[in-house]
Structures are given as structure tokens and as C-alpha cells.
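# sequence unknown, structure follows:
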DNA sequence: ACGTTTTGCGGAAACGCTTCCAAGCTTAAA
DNA sequence: TTTAAGCTTGGAAGCGTTTCCGCAAAACGT
């Protein structure tokens, strides 16, 4: 390792004081152009690199934002994270990533993050946090943003889950389906709960009684049930109902919808001919699979989350802002809306 | 913000010196049990949190590992990153993430990362770096690991691309296909190039002349062409060949294969009945899509990358290690191997 | 009883920066 | 010419730790 160069080396070499060196390096205007160039040149010649942590200690700020994500890797988070990452680097901050699996990990993480000065701001993704943690967070005055979660005390970016589910279900209803089932995720999850509500509301609005018997959730709990296998299991369960099985489904995530399609195909049933469905998320592969779904502006949510957080970092007293995106219905073929009059999918469309 | 508590506050409150406080906090054994408990109690009472950056400055190390990733978000990287993240937090390091789009960004990033003490180690993903950058990196003595890339001067974790392509192509050949085309990614990309070589070798080994005319790459260059649209475009191009079109394809990534399938379906062609194909990666959805593919142990690659990096951080003089994983052939239905004797896919299988 | 070692501890120094203050020099105003 | 007001500048102080050095007291050996 080449010997470490500090501002003292530069000062000596350039025949100035360390204060001047620091001023030059930080573009402080009160330095004559001559001194400035001299110092700059020496710095370049010695290929000086400031010590990040010394700066952070002296400046009392970290230039770091952290993101706390449950179930690291799921298409939804990845997409949001892309927006986050882009914006973070645009602002010149560092992005440190924490993946947590259980609620207790959040707690221990928060404790660490609260180490004075460690981060300038934190983004929590889809986390349901214990009240005590929320209180600690609030008391610490650390800028915090919530993504896909809501709490009165912090800024949040979320999606109108209930509304989206309502739209999806209504779409199916308007297509003439009377028996619309739902494949849901684990009911402990807030988005899952909200989507269930929207589904229910749509049904009731059309005078169709809600029934627990046609709402299922697979047993696989990974990612709170927002996974392929949970959808697969749930659909297998439905198929076992025989003729009583619903012929249309609102499915609480695209990835579960893919699992459901797999289950249907295995049993010789086809989408949308035999079963119509609408998903939720609009992940990249939904387009490929021709899945009708509710689009969430994931990338944009990530971008906005950082913009908001940065704004709060500079204006801590800013009023708390909650932004809810309304998912939009993307009609593809899985809902059957694009079927030709003969009852077969249009030329472009064949879902398996 | 509650007033900041420092070791001085603890020292005063506990009636000891700061040295002792520090020793207690760092589990240095030369402190009597009584003093230790007294200090510990005071620390807890004041809910002391050490200042991370002061520690890093004094200790001269960052407890941070960074990952530099091109094209943030692609299934491959995400999966590897999951392994990385898991291991990093197990070791108690911070993970800071950099997404870069162009080679020049890498350069400026490396410059920043080399700021003394900023990170304890860096992982580069699938990056082809200018020699000068490699030299700088080497000279800096900073522990570096390469994932999905190789260079003589650094540890690396990669996949036997050529071998994998060879296996995939051979599989198709053994199934009786004589005209096997290839959908490739951008040829600037090393993995793409290596996969092409493997494909070619397989052909030649079976006495089939290689022909440029049945190797295509879509124009979409996002992610170096490892994306859905590039596969879609390439396949459309093939279809335009009419009867001369190959009836089997090795496709350089699963995601491209999905695009290719979409193109085929649009034109009324079916997989595997009309066209057989083998992909590469085995991303989660490959299973769902019944795509025969070459599996890369992505998660495990991430884990190993960190283990290796941490090992190098403690033993800088350790001999440089290159690990190459051999992808394994996962036979599903897209290759046609599972067709029943009647020439139709088996019960479970229907790829569109 | 008296050296000699060991143990526990206090606090200065160091880590490498930013920032503030005082001082030297100019330049402008009176 | 004198005084006031700007500029530049050097360097001390401060950020919150860790660590090293030295000292006193305790433990040990004889």
C-alpha cells in the first residue's frame, strides 16, 4: 500500500497551511486562484484521496442512506430498489443495504443504525414494525421513509392496494364472471389484507355475497406468501373443488399468478379459456406471460422515496407526506377480455 | 435529538477514565469484573451508541464491503446478490451498493472507493475493466473479488460458459436436431463470447459446420443484450428466414428465451413441437415456463464470493484463487426431450 | 521485610479531516 | 497620513474513538 497522503503532506509540499488545503479541496472561495492551482496540482501529483471517515467525523454527517428490505430479492423490491439506487447515486450518497428476515432483526438493525451519525436517512420497505421501534425511530429524529407501508409519523410511499384489488375484481365481474375467487398471500401481510378488502368491496358492490370458501392462500410463507409456490398450491386447492371451482380469479401478485397458471396447466385447464385471472404488480414477465394485471410504478416509487427522504433531510420540519399510487389495470389476455368472438384468443394471444 | 453521549460522559458518570470505558466496550480483558459491570451499566443507562465513523477512523478500518454491479437489476445479479447480502451480514460488515451503467462510471467509482479506508473490500460483478483500472486496483492492495469475470490478478468466481453452451448445444444435437441456431447476447460481452465458442465447439465436434447465418443477436443492448427484447427480436429475425429457419436453438439466457418464445407464439409456432430450445441461467421462472436450461448456482456464487473476499482480507498474501462452476443441464420441456411417443408433450407439459 | 513482577487503570496522543479565530496584508475611505 | 474594512492565510481546536505509555497498587518470590 502506497504511503497514505494526508492534507499535511500537501500543505508541506505546496508551502501552505492545512487550512488552506482543506479550503481548496472543498471549493471554499476565499483562496486566491494562484494558491488554489498550486495546491490542486500538488494534490493531483501525490494522487491524494481524502479519508472518508475522517471527513464524516469532522463534518458530522455520513452521506449515507440505508435501505432495509425484507426477503431480499423479490421482483417487487428489486424493481423499487433500482429506482432507489439510481437516485441515491445521483445525489452522491452511499447506499447501504440491509436484508432482514424477521421482525426482531429489524429491531437490532435499527439499534445499530441509530448509532450516532451512522446514516443520514433510512428507508424501510414493507415492514410492519413494533410500536416501540417506531417510537425510538421517531424520537431519534432520524429522517425515515416508508415504502409500501404506512405510519402516521413518517413519510410514506405506498400503493392503493384496496383500490387496485377492487379494480381488478370489478374488471373480472364486468367481463361477466359471477364466481370470482381470490388467491391471496398470507393474511398477516398488510398488502394482502388490503387487497382482500378491495376484492370484497367489489363483490359486494355488485351484489355478490363474499365467501371465505373461494379465497385461498397457499401454505408456502416465503416472502409472506407472495411467491410462486403459494399460488400454485392455492390453485391446486381450488381445482380440487371440482365443478364448484370459480372460473375467474383475482390473484394478489403476478408471481403467484404464474404458479397458479402452472397448476391449471398441469390439470389440463387453460387460461383464459377455462379460467380467467388478473394479477397484481406487473413485473417484467407479466407482459411476456400475457397476464392482465394491476401495474404498480415500482421504479418510480423508488425514485420518489429517495427524493422525499433527501427533502426531509434538508427540511426536517417539513410536514409529513403520504403518497399513494393508484395501480392501473393493464389488460392483456389472461382475463379473457381480448378473446375474439369465436371464443378463441386473438391471433397474438395464446396463454399456453 | 437527544444529546450525544460519548465515552467521556460514561467515564465521568462511572468515575473511571476513558481508556477504561473503551476497554470495557471492546471486551478488552484487562478490566476487573466490578469496573466492567459498573461501566456497562452506565453505558446502558445513558443508552450509549458508539460513533461509527470515529471508530472507523481510529481503528483504521471500515467494516464495509462494496459491490459494484452493472445494470442494476437483472435476475442473475439479484440472485447472486442475495447470497452476497446474506453472507455479508453474517460477517457483520456493511454492504454498500453501486450500480454502474457505463465503463467510465466504474473508473470514477474505483477512484472514490480507493479513498483510503473507505471499504475493506470490493466485489465487481461481470465487469470488463480497463487495464489501467485493474492496475490501480492491484497497486492499491485493496482486496478485490470478481464475480462472473476473470482476471489473473484477482480472485474470481465464474461459470464455465463455454462448457455450459457446449452441453446445451450437444443436448439438442443428441435429440436429433441437425440445424441448431443460437440466440446470443451482445458479442462485446465476455459471457456471450464464451457461450458462442461452446456452441461452436459442440457443432464442430458432431461434424456440423458452423455458420454465422444462424447465430443472431437482437439489437436491444440493455444489460449487454441479456434481456427479453433482444431475444424477441432475434427470434423474429429467425422466423423471417422461413423454411430455412433452424428448428432448435441454444439461447444465451433464460430471459432472452422468454422473449424468443413470445415471438414464436405470436407467429403461431410452438415450443417444443415446432422449435426446441435450451436456455442458460435457470432463473426462478424457467421452472415455471418449463424451460430446459443450464443452471448456474447463483446464490452459492454470491456466498462464495464473500467468503473468499473475507478470507483475503485476513490473509492478503494468500494465493489467488479462481473458482469456476460448471453449469448443469436441467431438462424440462422446451427441448422436446420429454415428448411422448405420439409426438405430443406429456400430460404435464404444454409450453404454450 | 524487601525487591520484582503483574495487573488495572488514567489519560495523552493519534487517526485525518473541518472550521473557527486571530493575524498579516491590502485596499478603500476620511 | 491614519483608520477601518476586506481578503488570505496559518494553525489550533474539535469531532469520538482506540491505543500506547507509564504509574500505582497489588501480588508474588525469597
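Sure, I can see it. Worth saying up front: this structure is predicted, and the values here are computed from it rather than measured. Numbering: from 1, shown residues only, chains lettered A, B, ... in the order given.

# ok, now which ones touch residue A:245?
A:181, A:238, A:239 (Cβ atoms under 8 Å, 6 or more residues apart in numbering or on different chains). Using the backbone N, CA and C atoms, a C-beta is placed for each residue, glycine as well.

# which residues does residue A:127 contact?
By Cβ under 8 Å, 6+ apart, residue A:127 lies in contact with A:68, A:70, A:100, A:103, A:106, A:146, A:149.

# what's the end-to-end length of stretch A:200-216?
Stretch A:200-216 has an end-to-end distance of 13 Å (criterion: Cα to Cα, to the nearest Å).

# so which residues make contact with that stretch?
So stretch A:200-216 is contacted by A:162, A:165-170, A:173, A:178-184, A:196, A:199, A:234-235, A:237-238, A:246 (Cβ under 8 Å, 6+ apart).

# sorry, back to before: tell me the most packed of the contacts of residue A:245, by neighbour count.
Counting neighbours by other Cβ atoms under 10 Å in any protein chain shown, residue A:181 comes out on top of the contacts of residue A:245 with 26 neighbours.

# just to check, that residue is in contact with residue A:252?
No. The criterion here is Cβ atoms under 8 Å, and residue A:181 misses it with residue A:252 at 11.6 Å.

# neighbours of the residue nearest to residue A:185 when sequence neighbours are not counted, how many?
Spatial nearest neighbour of residue A:185, chain neighbours left out: residue A:225 (3.5 Å); criterion: Cβ to Cβ, 6 or more residues apart in numbering or on different chains. Look at residue A:225: counted by other Cβ under 10 Å, it has 26 neighbours.

# circling back: keep only those of the contacts of residue A:245 that are in strands.
Among these, the ones falling in strands (DSSP state E) are residue A:181.

# now render the contacts of residue A:245 as a markdown table, adding pLDDT.
Below are the contacts of residue A:245 laid out as a markdown table (pLDDT from 0 to 100):
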| residue | pLDDT |
| --- | --- |
| A:181 | 97 |
| A:238 | 97 |
| A:239 | 96 |
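
# nearest to DNA strand C, out of the contacts of residue A:245: which one, please.
Among those, residue A:181 lies closest to DNA strand C (Cβ to the nearest atom of the strand), at 60.7 Å.

# could you give the number of residues near the closest residue to that closest one other than its chain neighbours?
Distance criterion Cβ to Cβ, 6+ apart; nearest residue to residue A:181, sequence neighbours excluded, is residue A:246 at 3.5 Å. Counted by other Cβ under 10 Å, the residues lying close to residue A:246 total 23.

# also residue A:249?
Neighbours of residue A:249 under the rule other Cβ under 10 Å: 36.

# now residue A:128
There are 14 residues near residue A:128, going by other Cβ under 10 Å.

# tell me who's in contact with it.
Residue A:128 neighbours (Cβ under 8 Å, 6+ apart): A:103, A:149, A:190.

# against residue A:35, how distant is it?
Distance of residue A:128 to residue A:35, given as Cβ to Cβ, to the nearest Å: 56 Å.

# would you mind measuring from residue A:83 to residue A:305?
With Cβ to Cβ as the criterion, residue A:83 and residue A:305 are 8 Å apart.

# again with residue A:34
Residue A:34 is 46 Å from residue A:305, by Cβ to Cβ.

# more crowded one of the two?
Ranked by neighbour count (other Cβ under 10 Å), residue A:34 and residue A:305 place residue A:305 first, with 29 against 8.

# what stretches of the stretch 101-250 of chain A score poorly on pLDDT?
Within the stretch 101-250 of chain A, not a single segment meets pLDDT under 70.

# tally up the residues packed near the residue of chain A found nearest DNA strand D, please.
Among all residues of chain A, residue A:19 sits closest to DNA strand D, at 2.2 Å; criterion: Cβ to the nearest atom of the strand. Burial of residue A:19 is recorded as 12 neighbouring residues (other Cβ under 10 Å).

# helix, strand or coil for it?
Classification of residue A:19 using DSSP: H, G, I helix; E, B strand; the rest coil returns helix.

# and residue A:16, by the same measure?
Applying three-state DSSP: residue A:16 is coil.

# distance of the residue nearest to residue A:190 when sequence neighbours are not counted relative to residue A:188?
Closest residue to residue A:190 apart from its sequence neighbours, by Cβ to Cβ, 6+ apart: residue A:128 at 6.2 Å. Note on residue A:128: its distance to residue A:188, by Cβ to Cβ, is 8 Å.

# go on, residue A:98?
For residue A:98, the distance to residue A:188 - Cβ to Cβ - is 21 Å.

# more neighbours: which of the two?
residue A:98 (23 against 11).

# residues of the stretch 151-300 of chain A that sit close to chain B?
When proximity is defined by Cβ under 8 Å from any Cβ of the partner chain, the stretch 151-300 of chain A lies next to chain B at A:228, A:258, A:259, A:261, A:262, A:265, A:266, A:268, A:284, A:285, A:288.

# wait, is the fourth one part of a helix?
Yes. In this structure, residue A:261 lies within a helix as judged by three-state DSSP.

# run a quick neighbour tally on it.
Neighbour tally, residue A:261, other Cβ under 10 Å: 27.

# thinking again about what came up before, from the contacts of residue A:128, pick the one nearest residue A:141.
Distance to residue A:141 across the contacts of residue A:128 (Cβ to Cβ) is lowest for residue A:149, with 19.8 Å.

# can you tell me the SS state at the closest one?
Assignment for residue A:149 (three-state DSSP): coil.

# contacting residues for it?
By Cβ under 8 Å, 6+ apart, the neighbours of residue A:149 are A:124, A:125, A:126, A:127, A:128, A:156, A:158, A:190.

# let's see 10 Å
A:124, A:125, A:126, A:127, A:128, A:129, A:156, A:157, A:158, A:190, A:191 (Cβ atoms under 10 Å, 6 or more residues apart in numbering or on different chains).

# residues near the third one, how many?
This means residue A:126. Other residues close to residue A:126 by other Cβ under 10 Å number 23.

# I believe residue A:250 is in a strand; please confirm or correct that.
Yes. The assignment for residue A:250 (three-state DSSP) places it in a strand.

# one step back: residues contacting the residue nearest to residue A:181?
A:172, A:177-182, A:211, A:213-216, A:238, A:275-277.

# between residue A:128 and residue A:188, what contacts are shared?
Counting by Cβ under 10 Å, 6+ apart, the residues touching both residue A:128 and residue A:188 are residue A:224.

# can you pull out the strands in the stretch 201-350 of chain A?
A:215-217, A:248-251, A:276-281, A:293-295, A:322-325, A:328-330 (DSSP state E, counting those that start in this stretch).

# buried deepest among the ones you listed, which one?
strand A:248-251 (a mean of 31; mean count of other Cβ atoms under 10 Å in any protein chain shown).

# give the pairing partners of that strand; include direction for each.
strand A:180-184 (parallel), strand A:276-281 (parallel) (DSSP bridges).

# so what's the gap between it and the chain middle?
Strand A:248-251 sits 23 Å away from the centroid of its parent chain (Cα atoms, centre = their mean, to the nearest Å).
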